[in-house]
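A.B. asks: fold the following, please.
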Amino acid sequence: MKRIIIGIASVIFCLAGCSQEKTDTERTPDEDFQIIAHRGASAYAPENTPASFQLAEEMNANYIELDIHLTKDGEIVVMHDEDVAKTTEGSGDIGTYTLAQLKELSVNTGHKERERNPVAEAYKVPTLREVFDQFGDQMNFMIELKESKNNRGIEEKLVDLLKEYEIISTADQDKKPKVVVHSFYEKMLKQVHELNEDILLLKLITFEEGETAELSKKELDNLLTYSSAIGIGHKLLNQDFIQEMNDKGLLVYATDVQDVDVAKKMQKIGAKGIFTNRPDILYNE
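C.D. replies: Predicted structure coming up:
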């Protein structure tokens, strides 16, 4: 069911602030251009931790982006990789840990961030519920779904939690969405759409090296049955492609933007926003 056209999407994806205020000196050049803090302010603090999310909030990001998985006992936790070894002193898949066992681990810092935020809980693996409790009043959320044998049923658990916190926006509401769900996995996004059509979805798309960003009519028609936006690596984006997507009904976000000149270019050619590890990228050159 195609439910979002570009006129509606442009309004409901105008995510500038959503209950947070910015001073004149902190505003980005275009407040309609969205800064999505990739795994929080992960260039400066350990990724996907409360410390990283807090710093992103202080840097006035429009969104904090995070990744979710299920524990052995069915709790939604925030971590990028399925293997906990990448960011903690533990080893093995998240799905083999209970929440209590995960809470015994600390995220490896490798940053000076601990000097700024010495609270031990700031570096524990958070549940999604804890993130909503701590940051829900101030921040918006980009939640990434990852396919895994341990994540079966995560779509329904996520939708139930969004309903519980009453943070699902509908197209006819006069307010900006608190949550956008994104993924590389079409099946997972379609499952979320089937569970609740009011949840805004963003499809992450990759292309082979040497390819240009191009979508066939069949691909576009399929995307428009469930998604209202796409995310593509910035190197593949150009103004003509973005305009074509906008005309068809899809907003375009640039991923992996870490350089201020690239960020400004994405603004200029019409991208709706950027995923960046540096949420201060446009006002702290």
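
A.B. asks: can you name the element that comes right after the longest strand seen in the chain?
C.D. replies: Counting residues, the longest strand in the chain under DSSP state E turns out to be strand 63-70. Sequence-wise, the next helix or strand downstream of strand 63-70 (DSSP states H and E) is strand 76-78.

A.B. asks: relative to the longest strand of the chain, what are the paired strands and their orientations?
C.D. replies: In the sheet, strand 63-70 lines up against strand 34-38 (parallel), strand 76-78 (antiparallel), strand 140-145 (parallel) (DSSP bridges).

A.B. asks: list the contacts for Ile168?
C.D. replies: Contacts for Ile168 were tallied using Cβ atoms under 8 Å, 6 or more residues apart in numbering; they are Leu162, Lys178, Val179, Asn196, Asp198, Ile199. Yep, even glycine has a C-beta here, placed from its N, CA and C like the rest.

A.B. asks: what residues sit buried inside stretch 273-285?
C.D. replies: Gly273, Ile274, Phe275, Thr276, Asn277, Arg278, Pro279, Asp280, Ile281, Leu282, Tyr283 (16 or more other Cβ atoms under 10 Å).

A.B. asks: now the longest strand of the chain - C-alpha only, PDB.
C.D. replies: Output of strand 63-70 as PDB, limited to C-alpha atoms (Å, rounded to 0.1, in the frame of the first residue of the first chain):
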ATOM      1  CA  TYR A  63      18.500  12.400  15.500                       C
ATOM      2  CA  ILE A  64      20.600   9.800  17.300                       C
ATOM      3  CA  GLU A  65      21.000   6.800  15.100                       C
ATOM      4  CA  LEU A  66      21.400   3.400  16.800                       C
ATOM      5  CA  ASP A  67      21.300  -0.300  16.100                       C
ATOM      6  CA  ILE A  68      19.300  -2.900  18.000                       C
ATOM      7  CA  HIS A  69      19.500  -6.700  18.700                       C
ATOM      8  CA  LEU A  70      17.700  -9.200  21.000                       C
END
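
A.B. asks: sort out which residues of that strand are buried, please.
C.D. replies: Tyr63, Ile64, Glu65, Leu66, Asp67, Ile68, His69, Leu70.

A.B. asks: so which of the buried residues of stretch 273-285 comes closest to Thr225?
C.D. replies: Gly273 (23.1 Å; Cβ to Cβ).

A.B. asks: that older thread, which pair in the buried residues of stretch 273-285 spans the largest distance?
C.D. replies: The span of the buried residues of stretch 273-285, defined through Cβ to Cβ, is set by Phe275 and Tyr283 at 17.2 Å.
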